[in-house]
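> quick check, what structure comes out for this input:
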Amino acid sequence: MKKIVIIGMLGLAFLSTGCTKTPALTYIEKANSIPKLNTLSTREVGENLYLKQGNMSYYVELTTPPEELKSTSFNPWWLLGGPAGLGVMLLTSDSNEDKLKSLTLRNWKNTNWNMICNQDNDCLVDKNNDNHFTHSGNYPDGELNKLEKSIAYVKKSIIHPDSFKYVALYQGKVGNKIKVSYREFIENMARPSFTQDIEYDLKPNELTTIGFKGLRIDVIEATNLQVTYKVTKDYK
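Residues are numbered from 1 along each chain as shown. Now for the predicted structure:
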């Protein structure tokens with residue numbers, strides 16, 4: 001007889017150490033940057049020009065109601081075990097073995113497509129990375145099959161002890177100057193002593209490059225409301 005126990009994310013550490021069988025895949029995102037280098041971007045005052053964070057991992061909360069999952073053509077019992085709106089781990093007990101199932105977010109092989117998998121590596125895949133699982137397949141060599149109906153989810157972060165985040169915040173234009181605030185976070189806690197607000201002179205009628213600790217940003221156009229730019233080099 002199969003038994004499903006729904007466990008909140010606070011039980012993650014206990015389960016990971018208390019069971020002999022763990023998920024076959026582990027995924028920790030070492031570094032993630034928004035936007036990507038050399039991408040034309042526009043941000044308003046108060047928004048991040050650049051965000052870099054690392055040593056973060058992620059899980060998902062399914063937002064498609066469980067009763068609707070039955071029409072997706074991919075309806076494994078391990079997925080239905082968790083109600084929508086919960087980041088859960090599913091611990092199953094059956095006659096053969098105990099299996100630890102996880103809704104931890106990972107990437108499909110050689111791509112940046114989001115996916116979640118059970119211990120048998122049966123996966124749901126978001127090929128568009130738009131918070132909807134659209135395909136299913138067995139990792140890593142199985143064929144991806146399109147679902148009859150997509151499964152919606154939201155991405156939630158897990159803060160690790162050595163996680164970090166760097167932010168460059170656009171604070172607007174005054175006269176012929178723009179102001180940028182650089183901030184650092186460790187374990188999601190701001191480090192006030194590492195916060196610096198810097199003003200830069202804009203060159204009239206030509207491209208202006210600004211920088212901080214190796215970061216380089218080409219400012220294409222700046223107004224009191226927004227700035228258009230490209231990040232050309234990352235932090236050192």
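> which residues belonging to the longest strand seen in the chain are considered buried?
Ranked by residue count and defined by DSSP state E, the top strand of the chain is strand 145-174. Within strand 145-174, the residues scored as buried using 16 or more other CB atoms under 10 Å are 147, 150-153, 159, 163-170, 172-173. No exception for glycine: its C-beta is placed from N, CA and C like everyone else's.
> outline the domain layout of this protein.
Domain ranges of the chain: 3-26+57-158, 32-55+160-233, per automatic domain parsing.
> among those domains, where is the model least confident on average?
Mean pLDDT is lowest for domain 3-26+57-158 among those, at a mean of 63.
> and the helices in the protein?
12-18, 77-80 (DSSP state H).
> ok, back up a step: let me know the closest of the buried residues of strand 145-174 to Lys179.
Checking the buried residues of strand 145-174 against Lys179 with CB to CB, the nearest one is Gly172 at 6.0 Å.
> now, among the buried residues of strand 145-174, which is nearest to Gly211?
Ala168 (10.2 Å).
> hmm, that closest one is touching Lys213, no?
No - shown here, Ala168 and Lys213 do not form a contact pair, counting by CB atoms under 8 Å, at 10.0 Å.
> okay, and the common contacts of those two?
Tyr182 (CB atoms under 8 Å, 6 or more residues apart in numbering).
> what count of nearby residues applies to Asn129?
12 (other CB atoms under 10 Å).
> residue contacts, it?
112-114.
> save these as JSON lines, and put in neighbour count and distance to Ile220 too.
Listed next are the contacts of Asn129 as JSON lines, based on neighbours: other CB atoms under 10 Å; distance: CB to CB, whole Å:
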{"residue": "Asn112", "neighbour count": "7", "distance to Ile220": "26"}
{"residue": "Trp113", "neighbour count": "19", "distance to Ile220": "31"}
{"residue": "Asn114", "neighbour count": "24", "distance to Ile220": "31"}
